[in-house]
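Q: here you go, sequence then predicted model.
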Amino acid sequence: MSRMRTTLPLFPEEALPPPATRSEAAPRPQALAHASPRASVVAETLWLGVHLRGSTQLAAESGLERVALALAQFSPQLSLEPPDGLVVEVGASLRLFGGAATLRAAVARRLEALGTETWLALAPTPLAASWLARADGGDVAELAQLPGRLGELPVEVCRWPATQAKLLQELGVRSLADCLRLPRDALSRRSSPALLQSLDRALGRSADPRRAWQPPAGFDDVLALPAETETLARLIEGVDWLIERLGLVLRRRDASVHRLLLSLCHANQATTRVALVLSQPSRDVAHLQALYAQRLERVMLPAPVMMLRLSVPRLELDAAAESGELFARRTPAHPCAGVPQLIERLRARLGVSAVFGLCLVPEHRPENAWQAVNSPGGRINDAALPASAVHRPLWMLAEPVALAGQGGQPHYQGRLRIEQGPERIETGWWDGRDVARDYYIARNPPGMRLWIYRERIGARGWWLHGVFG
């Protein structure tokens, strides 16, 4: 029996509607009016150029990084143009923000809120957007319009090397239009290849790959006070402002903080540092402000403060525990949900060393069977709980107290009545701190339940080691 073989080489193409049908089903985006009267932008790939005026001061204050962090909410594709510019790919964000005009206005308002003076420009290529922004040259709608619009710009906006700029000046080139009119072969022989390459990238004739800007791993911001002060209210006001700035960064990056460091800078004294370590990562601005307000109440300042600096070495990007699920079920709050915040407030009020957790240690001697840990409420690797521990008190004395005795019977506010015991503990001979004890649970006449023991060697005295609740 012969087997028939059928081949369908054009099936992927024939299975789809013809190009005319697809174009009718998915029409091109409509033209969008822009803030600039000279153009309306329609482009699938659209770049927003941002030029920061007063670049020297902004660069000294890391203003470019701050602007990039503020504009990250409009697009994740940003590229810096140091020292005073950056470009943002916003073509994919037009639909989200309601069009180019709305997005451009939102960017302008955001930059105005930062207190920066900027020029904006939209263009199909990043380099063209950057050049137009430097000259405040408006927006360009399509690639075909770039030669004419870029030709109006002076060659200074390109920031070519000084040798190339001098050569163009000797040739009488004053604008990009003059440069584009020059014979390409002659220009390539007399100038650097980078000049023609930059023109090709700006006009969209060649690819222009960009290194994506990555936001900083931490946070660092400074507030210079208008006058030196050591008033608590003024300091708290400044710290609250810095934490609000931190909160904006945390919301934009969906992050939390675990460790913070506040530096109080003085004129002629060493910097006072106030560290804050949280029990668990948080981005609650009000909670952080309250913690630092309590910490500052306990700080002794050697001199008035002239500047505040808040630093976070690393942002915790996994904030799923706080953000919750989109369709989370309504479940009753956990009874211990507020314990970490309580611990942090107690530490801010009493000091870090005054509040700690407890961890079990595999040791039979009661005074060595536990140790303090610095992260109460966190995950602790406890040792296995011995069966006899259920009969031991939570209130253990720092040092056993000798009990008076009459006729071999222990006394504490009266004669003690033995209720349970003995539990014999005899260990530690290998480290020179050996013990040999018989423990009992006893009750005195007022009704207190005590954990006592009697030495099995030596004077065989009675000792109080713990108190039951």
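A: Alright, I've got the coordinates.
Q: tell me the contacts of the residue nearest the centre of the chain?
A: Geometric centre of the chain, nearest residue: Leu315, 3.0 Å, by C-alpha atoms, centre = their mean. Leu315 sits next to Ala217, Gly218, Phe219, Val249, Leu250, Arg253, Ala255, Ser256, Val257 when contact means C-beta atoms under 8 Å, 6 or more residues apart in numbering. The way it works is simple: take the backbone N, C-alpha and C, and place the C-beta from them, glycine included.
Q: one more time with 7 Å
A: Ala217, Gly218, Phe219, Arg253, Ala255, Val257 (C-beta atoms under 7 Å, 6 or more residues apart in numbering).
Q: check Ser282 too.
A: Residues counted as contacts of Ser282 (C-beta under 7 Å, 6+ apart) are Ser256, Val257, Leu288.
Q: that one and Ile243, how far apart?
A: 11 Å (C-beta to C-beta, to the nearest Å).
Q: where does Val222 land in three-state SS?
A: Following DSSP: H, G, I helix; E, B strand; the rest coil, we place Val222 in the strand state.
Q: likewise for the one 5 residues further on?
A: Here Ala227 is strand, with the state taken from three-state DSSP.
Q: ok, back up a step: confidence-wise, which of the contacts of Leu315 comes last?
A: Looking at the contacts of Leu315 by pLDDT, the weakest one is Arg253, with 82.
Q: tell me the domain ranges of the protein?
A: 32-202, 223-319, 388-467 (automatic domain parsing).
Q: CSV please, covering those domains and showing distance to Arg347.
A: Listed next are the domains of the chain as CSV, based on distance: least, C-beta to C-beta, whole Å:
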stretch, distance to Arg347
domain 32-202, 31
domain 223-319, 8
domain 388-467, 21
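Q: among those domains, which comes closest to Arg365?
A: domain 388-467 (5.7 Å; C-beta to C-beta).
Q: let me know the average pLDDT across the closest one.
A: Computed over domain 388-467, the average pLDDT equals 87.
Q: for that domain, the distance to its chain's centre please.
A: 52 Å (C-alpha atoms, centre = their mean, to the nearest Å).
Q: where does the stretch 51-200 of the chain have low pLDDT?
A: Applying pLDDT under 70 to the stretch 51-200 of the chain flags residues 54-62.
Q: just the strands in it please.
A: 78-81, 85-89, 118-123 (DSSP state E, counting those that start in this stretch).
Q: with just CA atoms, put the longest one into CSV.
A: To tie it back to what came earlier, the one meant is strand 118-123. Extracted in CSV, the C-alpha atoms of strand 118-123 (Å, rounded to 0.1, in the frame of the first residue of the first chain):
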residue,chain,number,x,y,z
THR,A,118,14.4,71.7,31.1
TRP,A,119,13.8,71.7,27.4
LEU,A,120,12.0,68.8,25.9
ALA,A,121,11.8,67.4,22.3
LEU,A,122,10.3,64.3,20.7
ALA,A,123,11.8,62.6,17.7
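Q: right, I'll call it a day here.
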